[in-house]
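1. 3D, please:
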Amino acid sequence: MSVARCPRHEASAFRALADAICDDDLDRAIALGLLAFDPGAHRCDDCRKTIDAILTARDGRLRALAARERFRAREARLAARAEARARRRADALAAPRAPATPALPPAAAAALARAMAKAAAKRSG
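-> Purely as a prediction, here's the structure:
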């Protein structure tokens, strides 16, 4: 990509930013304001390709930064879930166990035994 020779942009930060993009030096381009670059309404034929290249680099970098933030947020959510799960497990292990209780109250167990005996008597008799 050749850097545009537009008189309006020749001695500006645009020129330095375009040079950084041409050199594929994203660190320098970011330091020069790549992420905040706004070409405005000026789109002369001399600098159209340069502006398009800068916008492409800016948009790609912004997408990458957004993806990194989404990844970090996901990692934080997963870590919080794992911590909560570990806390629940620790609480469950530390809680005193209640003595085992019968499955049925005594009155219900007695009624069930009587019903089972009555059903057995009908089958055999």
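
2. contacts, neighbours, all on C-alpha from now
-> OK.

3. for the longest helix along the chain, packing partners?
-> Scanning the chain for the helix with the most residues, using DSSP state H, yields helix 48-94. If contacts are counted by 3 or more Cα pairs under 8 Å, 6 or more residues apart in numbering; DSSP states H and E, helix 48-94 sits against helix 13-22.

4. quick one: buried residues of the next helix or strand after the helix it packs on?
-> Downstream of helix 13-22, the next assigned helix or strand under DSSP states H and E is helix 26-31. For helix 26-31, a neighbour-count test (16 or more other Cα atoms under 10 Å) marks 26, 28-30 as buried.

5. swap in stretch 41-61?
-> Buried, per 16+ other Cα under 10 Å, within stretch 41-61: 47, 49-51, 53-55, 57-58, 61.

6. Out of those residues, which comes closest to residue 112?
-> residue 61 (72.9 Å; Cα to Cα).

7. so who does that closest one touch?
-> Listed by Cα atoms under 8 Å, 6 or more residues apart in numbering, the contact partners of residue 61 are residue 35.

8. any idea how far it lies from residue 24?
-> 13 Å (Cα to Cα, to the nearest Å).

9. low-scoring stretches of the chain, by residue?
-> Residue ranges of the chain with pLDDT under 70: 1-11, 42-43, 98-102, 125.

10. For residue 111, give its distance to residue 117.
-> 10 Å.

11. try residue 95
-> 41 Å.

12. One more: residue 56?
-> Relative to residue 117, and taking Cα to Cα, residue 56 is found at 85 Å.

13. same check, this time on residue 33
-> As judged by Cα to Cα, residue 33 and residue 117 stand 89 Å apart.
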